[in-house]
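*Asks:* sequence first, predicted model second:
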Amino acid sequence: TDTRYDSLPRDVVQECKRAVLDSIGCAIAGVDEPKSRIGIEYARMVGAGDPTATIIGTRDKVSVLGASFANAELINALDMDAVLPPGHVSPYVMPAAFATAETLAGSGREMIVAMAISHEMSNRFGKAVDYQRRVKDGKVDPPKVFGYSNTIFGATAAIGRLRGYSRDTLAHALGIAGSISPVNSQIAWFEHTPISTIKYQLAGMLAQQALTAALMGELGHRGDLQVLDDREYGYARFIGTEKW
């Protein structure tokens, strides 16, 4: 909540700008892919009647929820989106922030701050849990469960930052995010053929869940503020990580 544009290192600002441009490019390039077309049609179904947020690469404007879903699927469609441990972070943390910033007429600087926060948090979570590049005794030793679920925290934080949440509101939003986080399903995607278009995570749904968590906190829902601290019953247990 206290992060300001002027406090960001210059290289962080530069990389955030690159990630934004890269993500828009990926979305436009992937607009005709089946995954993208389905995402766009779904956004039109759930987002009709509230033309406030743009679906990238189209002339459509739909609701924030609809645009968040479609743009996540678009950015992720070609699998060429930016990589930062735990993997593809941008398609999960950017889309709901894009839509939120557009509806609020937020500044470019505020968007960059939100992107820095979301990628920083996702990277830290990614290094705190199991992921596919785990090495044991000098050899690759992938765990039985891993995925991108924890990016929901960075995505929720970006939305909360853009909407100007207090510390308490954001804490509850993040607690809610932990409780509604999707499962870590990436290993099944690797093992099952033919490979599904859901891929390692349905990017659109995670973007919507982050938006839901943020707005529930804003509306007064109380989140589980112990969800990250409790190894036995909390978030680490939910997503099946051996490392925390």
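*Replies:* Nice, thanks for sending it over. Source: prediction; values computed, not measured. Numbering: from 1, shown residues only.

*Asks:* what about the nearest residue to R167 once chain neighbours are set aside, distance to S63?
*Replies:* Nearest residue to R167, sequence neighbours excluded (C-beta to C-beta, 6 or more residues apart in numbering): T1, at 5.3 Å. No exception for glycine: its C-beta is placed from N, CA and C like everyone else's. Note on T1: its distance to S63, by C-beta to C-beta, to the nearest Å, is 26 Å.

*Asks:* could you do Y148 as well?
*Replies:* Plainly put, Y148 is 24 Å away from S63 if you go by C-beta to C-beta.

*Asks:* these two - which one has more neighbours?
*Replies:* Taking neighbours as other C-beta atoms under 10 Å, Y148 and S63 compare with Y148 leading, 26 against 19.

*Asks:* surely the more buried one and I198 touch.
*Replies:* No: counting by C-beta atoms under 8 Å, Y148 does not reach I198; the two are 11.8 Å apart.

*Asks:* pretty sure G147 contacts V183?
*Replies:* Yes: G147 lies in contact with V183 (C-beta under 8 Å); the separation is 7.4 Å.

*Asks:* would you map the strands across the protein?
*Replies:* With DSSP state E, the ranges of strands along the chain come out as 53-54, 61-62, 83-84, 87-88, 135-136, 139-140.

*Asks:* any idea of the mean pLDDT in the second one?
*Replies:* For strand 61-62, the per-residue pLDDT values average out at 98.

*Asks:* circling back: burial measure for the residue nearest to R167, as a count.
*Replies:* Other residues within reach of T1 by the criterion other C-beta under 10 Å amount to 14.

*Asks:* give me the local confidence score for it.
*Replies:* So T1 comes in at 94 (pLDDT).

*Asks:* where along this structure do the helices fall?
*Replies:* 10-29, 34-47, 64-76, 90-93, 95-104, 108-128, 151-162, 167-180, 186-191, 203-219, 235-239 (DSSP state H).
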